[in-house]
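# fold the following and give me the result.
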Amino acid sequence: MPKGKVTKAIFPVAGLGTRFLPATKAIPKETLTLVDRPLIQYAVDEALASGIEQLIFITARGKTNLEDYFDRSPELERTLALAGKKDLLRIVENCTLDSGAVTYVRQNQALGLGHAIACARHLIQDEPFAVILPDDVISASTPCLQQMIAVHANTGGSVIAAMEVPPAQSGAYGILDVAGVAGRVAQVRAIVEKPRPEQAPSNLAVIGRYILDPSIFDHLAGLQASAGGEIQLTDAIAGLVAAGSPVHAYRFKGDRFDCGSKAGFLQATVSFALARSELREEFGAYLNSMVALQNAAQ
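Okay, here's the model as predicted:
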């Protein structure tokens, strides 16, 4: 089976972001700011650092702010240039994506992650591709997707990013049934969507990074809406496994933050702020003072 080079990535960004209302009534969830960059920028930076050449955004109504973010801003660039603010100008220019490198596809029905990916079939054709969910922000010395591409070069087929979770949290994830564990890589036998702890086949949970074989589109095309009235990507991956297409789980190296939840977003904010040399001392001192106040009040 030809392995192929992974050069395209799909970013499903059509969701309403209801957990962050009322903010997301006016702005896309993916443009919420983590320290000083929107969530989508972290995902795009990871993709570009991993060798991705074509970025495909699956959008919906109300997402024009996201498209504008990656477009040029001539007036702002001119103002910064005239003011001699070269560092800020460089930051703005680095956020601009080349017209040939980005494609926007509208998902006109909210039918779930599987449907969102299926919307890009005509752009993928017959090559493996990546899927990055911007809600999952991963801090890693080597980008998570780059790690997965290295695994895919050896295994072919499909590769799913996985992490260990406490049994009590299994009901929040797709949980993997695996075999043939070799270091951080294991063969996937099945995926159980949000099982009760006593029914979970392992403690390995699927998180928002995938490298998928293009045959996934055939499995998506035959699916009916299931859980929550949506077309589930996990159902299509189960179809790959049943058809004998190799699917591997990879326990990535790094820290994952669920920025689709308020608590996870706040945790990421603290972690990323403390990682910044210009913020660490002042922000760390503030956090220590807050902890001291909390302890004194107890």
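# contacts for the longest helix anywhere in the chain next, please.
Ranked by residue count and defined by DSSP state H, the top helix of the chain is helix 277-297. With CB atoms under 8 Å, 6 or more residues apart in numbering as the test, helix 277-297 has contacts from 35, 270, 273, 274. Placement of C-beta: from N, CA and C, glycine included.
# quick check, nearest of those residues to residue 64?
residue 35 (24.0 Å; CB to CB).
# which intervals of the protein have sub-threshold pLDDT?
The model of the chain has pLDDT under 70 over residues 1-3, 227.
# show me where it has strands.
8-12, 33-34, 37-38, 54-59, 102-106, 129-132, 136-139, 158-164, 174-182, 185-193, 204-212, 247-251, 255-258 (DSSP state E).
# JSON lines for those strands, including mean neighbour count and distance to residue 79?
Shown next, in JSON lines, are the strands of the chain (neighbours: other CB atoms under 10 Å; distance: least, CB to CB, whole Å):
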{"stretch": "strand 8-12", "mean neighbour count": "25", "distance to residue 79": "29"}
{"stretch": "strand 33-34", "mean neighbour count": "14", "distance to residue 79": "21"}
{"stretch": "strand 37-38", "mean neighbour count": "18", "distance to residue 79": "20"}
{"stretch": "strand 54-59", "mean neighbour count": "22", "distance to residue 79": "27"}
{"stretch": "strand 102-106", "mean neighbour count": "16", "distance to residue 79": "24"}
{"stretch": "strand 129-132", "mean neighbour count": "26", "distance to residue 79": "32"}
{"stretch": "strand 136-139", "mean neighbour count": "21", "distance to residue 79": "30"}
{"stretch": "strand 158-164", "mean neighbour count": "23", "distance to residue 79": "41"}
{"stretch": "strand 174-182", "mean neighbour count": "17", "distance to residue 79": "47"}
{"stretch": "strand 185-193", "mean neighbour count": "19", "distance to residue 79": "50"}
{"stretch": "strand 204-212", "mean neighbour count": "24", "distance to residue 79": "36"}
{"stretch": "strand 247-251", "mean neighbour count": "23", "distance to residue 79": "45"}
{"stretch": "strand 255-258", "mean neighbour count": "18", "distance to residue 79": "34"}
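# alright, calling it a day.
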